[in-house]
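**Student:** Build me a structure from this.
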Amino acid sequence: MAPMTETLPPDWERRSAELWAALDDHTDPAAFRAAVDALAGELPPGSAVADFERGCAYDSTGHPDRAVEHYRRALATGGLPGERRRRAVIQLASSLRNLGRPQESVDLLTAELNAGSDHLDDAVRATLALALTGVGREREAVSVALTALAPHLPRYQRSMANYARLLVEDAQPPPGPGSP
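**Tutor:** Numbering: from 1, shown residues only. Okay, the predicted model is just below:
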């Protein structure tokens, strides 16, 4: 049986979005974490969303070590709704990299790239590129970053995608950016 997604109280998402939108207005990180904790406390015990939000609060206030436990718990339930599951993977991987565990980050993000595709693909790739530098795979990191960037360029998408591919293949360079 598939895990059920949580039902959030009315207007909870709106209040959460408002709190996160005001993150930079909070001068006291502990007070911000307390506000997130209070909002998360409105959810039932064992809530994956509550764990995710608490992890985000620790991450956003400079405590990736504390964030990791929350992200792992949130993911372990299998009940994170919508894009929160993918965000939890990205943020967990980023925290692990920041804590000096880049290989764990690479493993998580590589699996995530193979798990499906959505609007967060480029965030997965950007985080993976950073993690790859931490394990000494800089050429691959540049390739991953260029692959994420190429579709957003106003021109040269084809050339940049080819250059990205060739960074990790031993092949001849493609035609230059001016070619069709």
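
**Student:** how near is residue 167 to residue 140?
**Tutor:** With distances taken as Cβ to Cβ, to the nearest Å, residue 167 is found 7 Å from residue 140. Using the backbone N, CA and C atoms, a C-beta is placed for each residue, glycine as well.

**Student:** nope, residue 47 is what I was after
**Tutor:** 37 Å.

**Student:** of these two, who's got more company?
**Tutor:** residue 47 (21 against 18; other Cβ atoms under 10 Å).

**Student:** does the closest residue to that one other than its chain neighbours count as helix, strand or coil?
**Tutor:** Leaving aside its sequence neighbours, residue 47 sits nearest to residue 6 (Cβ to Cβ, 6 or more residues apart in numbering; 6.0 Å). Three-state call for residue 6 (DSSP: H, G, I helix; E, B strand; the rest coil): coil.

**Student:** element containing residue 149?
**Tutor:** helix 138-149 (DSSP states H and E).

**Student:** Check which helices and strands that helix sits against.
**Tutor:** In terms of contacts (3 or more Cβ pairs under 8 Å, 6 or more residues apart in numbering; DSSP states H and E), helix 138-149 is packed against helix 121-134, helix 157-168.

**Student:** how far off helix 138-149 does the longest one point, in degrees?
**Tutor:** Read it as helix 121-134. 170 degrees (axes from the mean of the first three to the mean of the last three Cα atoms, to 10 degrees).

**Student:** ok, residues contacting helix 121-134?
**Tutor:** With contact meaning Cβ atoms under 8 Å, 6 or more residues apart in numbering, helix 121-134 is reached by 86, 89-90, 93-94, 97, 100, 102-103, 105-106, 109-110, 112-113, 138, 140-142, 144-145, 147-148, 152.
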